[in-house]
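Enquirer: For reference, the sequence and a predicted model appear below.
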Amino acid sequence: MIAEHKNKSVINRYFGRLSIQTKLALIILSASVLVLTVGFVSIIFWDVKSIRKDAYKETQLAVSILSQDMVKLLLFDSADIAADAVIKLKAFPNIENAVLFDKKNNAVFHYRKEIESLYTPPSTKSMEEFAYHDDYFFAFLPVKYQNTDFGNIFFRVSTDSQKQKIFGYFKVVILMIPLLMVLSTFIAIKFQKIFSAPIVRLARVIKKVYATHDYSHQLEFDEENEIGELYDGFNLMLEQIDFNTNKVCVSSQELGRSNQQLKAVNEHLEEQKFALDQAAKVSIADAKGIITYVNDQFCHMSKYSQEDLIGETYQLISSGFHSSEFFEELWYCISNGNVWKGEIKNKSKDGSFYWVNTTIVPFLDKSGAPYQYLSIHFDVTDRKAAEASLVEAKDMAETAVNAQTEFVSTMSQELRTPMKSLLEILNSILREENITDMVNERVKVAHQSASSLLTLFNDILDYSRILAGKLEFDSVDFALRTYIDEIISSYSEEAEKKGVELGAVFSSSIPPVMKGDPTRVREIITTLLSIVIGYVKYGAVSLNVRSNHHDGGDEFLYFEIKSSSLVLSSNLKEKILNAFTKIDGSISQVFSGEGMGPALSKQFIRMMGGEFGLESNQDDGTNFWFSMRIGGAVGRAAKTLVIDQSIAKDQNVLLVSDDNDELENFKYALSNKKYSYQITRSISEALKIINAPGSEKNKFDMTIFSMNLPLNVLLEASKTIKSNPAVSNMDLVLLSLGAQRGDAEKARQAGFNGFFTKPIDIDYLVDHLEVVVSMRDNEDILITKHVFMEIDESHKKRVLLFAQKNSTTNEITKMAKMFGIGVDLIDVDEQLINCENIYSLALVSPSRDEAEGARAVRFIRQFSNSGHPLPLIAVRGSLKASDKEICEAMDVDDILTNHLSHEELLHIFKRWIVGFKVEGEL
Amino acid sequence: MLLPTIMKNIKMRVILGCNLLAVSLFFSSLAYAVKLPGLLVDKQWLATNMDSSDLVVVDVRPTEKYKHSHILGAYNISVDKTYSSQGNQIRSIRAMQKLFEKAGISNNKKVVLYDENYLDAARVFWLLEVFGHVNKIGILDGGFPGWIRSNLPQSSDIYESKLELFRPTVDPERFATKMSMLLALEGADMVVVDARDKKNFHGAANASENGIREGHIPGAISIPWNENLSYLDGVPRIASLSELSEVYNQVSQDVAVFIYDDDGKKAAINYFALRLIGKKAAVYGAGWNEWSRNISLPVVKFGSLNKYDDLE
């Protein structure tokens, strides 16, 4: 290791000190010499190898040429023959000697290239075919003629000629090497410049730059290699240095200039200070807030003298008006070096207050910390006073606006209550039997007017909510189908009057129970339907409901109100659509035309994630459609509501109401249902009664609140009751007047089991109270009117009508409804049966041919109907054969003729539906 | 047992080493001591160096003459034995090898040849050179008659070596065949020398043997063998160098020389003469005997310049 190190240092000493030029030259030189030497040596080596080859070839050739002469010589031993053979042998200049042996290996003839040079051949015994001794090639070959062996011939072949050739090479090499050395030295010296020249150039430039300090110098180059990169790097470095130097230069110039300016500025500053002093109140405080300077104006304003202020803090003039946080923020701001601007109320020496608009400028030292604060104050006392009066005015204005809004809301609430009472009274009058037709008519008109007024009030309320962005949606369970039926039946009278057929088709894939806001849905349908019915003159209107697809738990419902006979002109279409879109806050517009219904509907649809559209053309008639997203099956079908009649008996009800009429109705209804009850007229009394530790006898199972009180009061009452463990399992039912969206949910959370919106038929409510009772343990479910309807619907007997929708099916549906029987129309083509329902009867009405009827029968026979027997009735156009035959032929149980009558249908129902009874027929 | 004890003693080791060195130096001095003075060796030099183990003296006269008397220590190669049974062609390589080996010639021995008329010696000289023994041969100037006259040691003992090994080769630059002659005739820088007598060259002599045509190889020049010799007192001597230069002035320095004759001896004397004046030549061993018999080969008479005249 040490030796190596020494070697290295020696090399370094001699080689390392050489210039790059010399090094490069040496490297190129040595490399070329090495290459040359290796080249020459390999050529010579190759030649040496070829000597033997040549000699071998020569002997072979000689033998082949001379064999005949040799044979002759051996045979005849004649000098003549020998002479001729020797002449031939002379043609091989490399053959020095040849000895011809006879078969007994006696040397018969000797050939000597140089006659005088004697040569003794080696003994034949030791002879090899080919050998190489002392620069001679020996060959010992047989002499043959026509495969007969006559003897052998020995050749001694000189390799001198080849050697001379090689020697010639050597001479060339020895001559060439110095020549090539000179040449490669020349090339090396020339070529090293290619590498070293750029470096030398760079070195020269660096020296020059160093000497002249001219950093703007840039090397020009067009190499795109490492040298190029080196130059580029050097250029960049120079550029940077140049740039920095320039900057330094400019800075120092600027420094000089700014020093001059500083002087000027200082002078200027004095002037400005004077000006500032004249204009504003100026004070300066140090870092700790101690005042170090005040100008005369400041003193004048604060009524303190300079002596009073200097050395004090601003605490002296603090008015105490601002909070401590205000000053903390101020300090935080300026102590971080920021300028603070604001208005401060100060107190002068004589105790009067004044407002100043203050700008505090912190002066920062090098570290960025403020060392003094300059405060400039402007007196804004007068402006402040003006502002204060303005704020007062504004507050008054706002109060007025709020009051107005409140007023509208309260007014509509207030108006609704009497309007509802009025409607109820009018209803009761209409129920009276012994009134004259004239009175009846007038009361009807009054009822209608009142109804539309009430609607209008509701709309106004909704509309104001939409404007305020407070519109909420209920999320209650309801049976959509019930609603649709109800809507259809409510319009059927009007439709009948116009001679228009009205029907609903309800896709069986729609789950029976939905979660959503049924009232809103109803409003939308009603609005759209009334428009269509309003315009349609004849023909039919059908309401189709489809479920488009499921999206998670949600159903995407698609409603169509179709009339093939109605064609709307484009103007009219536009007018209708305008009514939907014109909700721009202008109430006056909304009140014109169709009222607020369309505008609200559109909002509702939008808020339920749906769309709507109106299509009308000559071919297809009119299609007024909308879609909405609505909560799907909520894990509870209507059927699960099992009403336990036995539990519902002997219920003790506490009735809390402030409405005398209502109380009368309740009394009648409750006693009819054989409920025991107690009545109280105020909440506090009710709570007293409930919470009173009484005997078992006084314990109430249910409390019905029907108070015209704010919801909060009632919710509080509910919470109070529920917090009492002794009575916490009591059912609480709330009859709300003018309930708003979301109230139901609030009521549920507060502990109410039932929630109903007035007006409500008291008889109907009491009839269904058992539902509330039986659902007592299920806290998640709030019993509403919709639940009642749902249960009613589920209690209905259902009939499966397997037919294509036509007038006959409409008629059947209508009549069945009169008998309290629900009809599920199954389209012949769709063949989808809602398996959740259990049917009491199946009607098959093949409209086309027998085969279709047979197919339908087969299909229904396969339908399990949850194991219940399903009687099959065929609806037939005419009776050609006897009933029995047809029954057998079609595999049906009974036949219904196409010419339907109430009696016939009733007969069929009575016969085949178990437990069928017609209302009032008991 | 003795050697290891000697090897243990350093003194003994040094002495042994010195002795070995001395012996080896002596032998090596012997081996390289003899250097022939030239292609012609005078008898005095031979008399001085004849004992050298590196030197072989070869009597090329007929065996009967050798048996009678010869230079002391000389081996015999009777020139007749160098001819094959057919005509004047060289014997087989194996036979020639044996012949040389028996004469005590191995590849690095120096050889001095002698006869009585130079012709035989020249032939053996040429043959030895053809078989690869180049620049190691001399011919005794004056031959055996000169030796006798100087009364130098003689012997009648018959020497025959069985030890030596001669590795034969054939030098086509010195030994021409029918093939190489034909090739030579097509070449430009060459000269063909007819070593026979002028009358033979011109086809004037009557045919002595069957099948031998008269004339010469087309384009050949005539330099008869006897022009190389001068006779002094009836004793033939190789002509002097200046005389020889005169004789061969037609043969320029750069051309290849091909010599032929009819007995393998006449051309050899020409060959030797050319060697003496520093020129190289090849002898057509089979000679006129082969050429003229082969009727497919061209022959001209009367020194016709056109080598194909005869054919037309």
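Expert: Sure thing, it's come through. Numbers count the residues shown, from 1 in each chain, chains lettered A, B, ... in the order given.

Enquirer: can we go C-alpha only for contacts and neighbour counts from here?
Expert: OK.

Enquirer: helix or strand for residue 97, which one?
Expert: Looking at chain A here, since you left the chain open. A:Asn97 belongs to strand A:95-102 when elements are defined using DSSP states H and E.

Enquirer: The chain in question should be chain B.
Expert: Per DSSP H and E, the secondary structure element for B:Gln97 is helix B:93-102.

Enquirer: What of A:Lys562?
Expert: Remark: A:Lys562 resides in strand A:554-563, with elements defined by DSSP H and E.

Enquirer: Listing partners with orientation, what would you give for that strand?
Expert: The strands beside strand A:554-563 in its sheet (DSSP bridges) come out as strand A:540-551 (antiparallel), strand A:621-631 (antiparallel).

Enquirer: Distance from the chain centre to the shortest one, please.
Expert: Think strand A:621-631. Centroid separation between strand A:621-631 and its chain, computed with Cα atoms, centre = their mean, to the nearest Å, is 28 Å.

Enquirer: What of the longest one?
Expert: Remark: strand A:540-551 is offset 31 Å from the chain centroid, using Cα atoms, centre = their mean.

Enquirer: Against B:Lys65, how distant is the spatially most central residue of chain B?
Expert: When chain B is reduced to its mean C-alpha position, the closest residue under Cα atoms, centre = their mean turns out to be B:Phe125, at 1.1 Å. In this structure, B:Phe125 lies at 19 Å from B:Lys65, with Cα to Cα, to the nearest Å as the measure.

Enquirer: got it, and A:Arg681?
Expert: As defined by Cα to Cα, A:Arg681 lies at a distance of 199 Å from B:Lys65.

Enquirer: quick revisit: ok, the strand holding A:Asn97: who's next to it in the sheet?
Expert: Sheet pairing for strand A:95-102, assigned by DSSP bridges, gives strand A:107-112 (antiparallel), strand A:148-158 (antiparallel).

Enquirer: Could you look over those strands and pick the most buried one?
Expert: Among those, ranked by average contacts under mean count of other Cα atoms under 10 Å in any protein chain shown, first place goes to strand A:107-112 (a mean of 24).

Enquirer: For it, which outside residues touch it?
Expert: For strand A:107-112, contacts defined as Cα atoms under 8 Å, 6 or more residues apart in numbering or on different chains pick out A:74, A:86, A:96-102, A:118-119, B:93-94, B:167-170.

Enquirer: Contact residues of the stretch 51-200 of chain B facing chain A?
Expert: Contact residues of the stretch 51-200 of chain B with respect to chain A, defined by Cα under 8 Å from any Cα of the partner chain, are listed as B:90-94, B:107, B:132-135, B:167-172, B:175-177, B:179-180.

Enquirer: Not counting the helix or strand where B:Glu64 lies itself, show me its contacts.
Expert: With the criterion set as DSSP H and E, the secondary-structure element containing B:Glu64 is helix B:63-68. Outside of helix B:63-68, the residues that reach it under the criterion Cα under 8 Å, 6+ apart are B:59, B:76-78, B:156-158.

Enquirer: Report the buried residues of it.
Expert: By neighbour count, and taking 16 or more other Cα atoms under 10 Å in any protein chain shown as the criterion, the buried residues in helix B:63-68 are B:63, B:66.

Enquirer: Just list the residues touching the closest residue to A:Lys758 other than its chain neighbours, thanks.
Expert: With sequence-adjacent residues excluded and distances taken as Cα to Cα, 6 or more residues apart in numbering or on different chains, A:Lys758 is closest to A:Leu737, at 5.2 Å. Residues touching A:Leu737, when contacts are defined by Cα under 8 Å, 6+ apart, comprise A:417, A:707-708, A:757-759.

Enquirer: which of these lies closest to chain B?
Expert: A:Thr757 (153.2 Å; Cα to the nearest Cα).

Enquirer: and that closest one, what are its phi and psi?
Expert: Taking degrees, to the nearest 10, you get phi -100, psi 130 for the backbone angles of A:Thr757.

Enquirer: For it, give the beta-bridge partners.
Expert: A:Ser736.

Enquirer: pLDDT averaged over stretch A:863-874 - what is it?
Expert: Stretch A:863-874 carries an average pLDDT of 71.

Enquirer: Stretch B:204-212 now?
Expert: Averaging pLDDT residue by residue across stretch B:204-212 gives 69.

Enquirer: How many neighbouring residues does the closest residue to A:Gly289 other than its chain neighbours have?
Expert: Nearest in space to A:Gly289, with sequence neighbours left out and distances taken as Cα to Cα, 6+ apart, is A:Thr313 at 5.8 Å. The number of residues packed near A:Thr313 is 16, by other Cα atoms under 10 Å in any protein chain shown.

Enquirer: quick one: A:Phe626 and A:Glu560 touch, right?
Expert: Yes - contact between A:Phe626 and A:Glu560 holds when scored by Cα atoms under 8 Å: they sit 6.7 Å apart.

Enquirer: can you pull the pLDDT of residue 247?
Expert: No chain specified, so I'll use chain A. Note on A:Lys247: pLDDT of 85.

Enquirer: Actually, chain B is the one I wanted.
Expert: Per-residue confidence at B:Val247 stands at 90 (pLDDT).

Enquirer: Next, residue 195: phi, psi?
Expert: All of this is about chain A. For A:Phe195, the backbone dihedrals (degrees, to the nearest 10) come out as phi -90, psi -40.

Enquirer: A:Ser627: what's it in contact with?
Expert: Taking Cα under 8 Å, 6+ apart as the test, what A:Ser627 contacts is A:556-559, A:605, A:610-612.

Enquirer: at 7 Å instead, please
Expert: Contacts for A:Ser627 (Cα atoms under 7 Å, 6 or more residues apart in numbering or on different chains) come out as A:557-559, A:610-612.

Enquirer: for the helix or strand encompassing A:Lys394, packing partners?
Expert: Under the assignment given by DSSP H and E, the secondary-structure element containing A:Lys394 is helix A:381-431. Helices and strands touching helix A:381-431, by 3 or more Cα pairs under 7 Å, 6 or more residues apart in numbering or on different chains; DSSP states H and E, are strand A:353-364, helix A:437-468.

Enquirer: Which of the ones you listed comes out lowest on mean pLDDT?
Expert: helix A:437-468 (a mean of 76).

Enquirer: Excluding chain neighbours, what is closest to B:Ala281?
Expert: Taking Cα to Cα, 6+ apart as the measure, B:Ala281 lies nearest to B:Val257, with 4.7 Å between them; neighbours along the chain are not counted.

Enquirer: lowest-pLDDT helix or strand in the chain?
Expert: In the absence of a named chain, chain A is used. helix A:587-591 (a mean of 43; mean pLDDT, DSSP states H and E).

Enquirer: could you point out which element follows that helix?
Expert: For helix A:587-591, the succeeding helix or strand toward the C-terminus, using DSSP H and E, is helix A:597-607.
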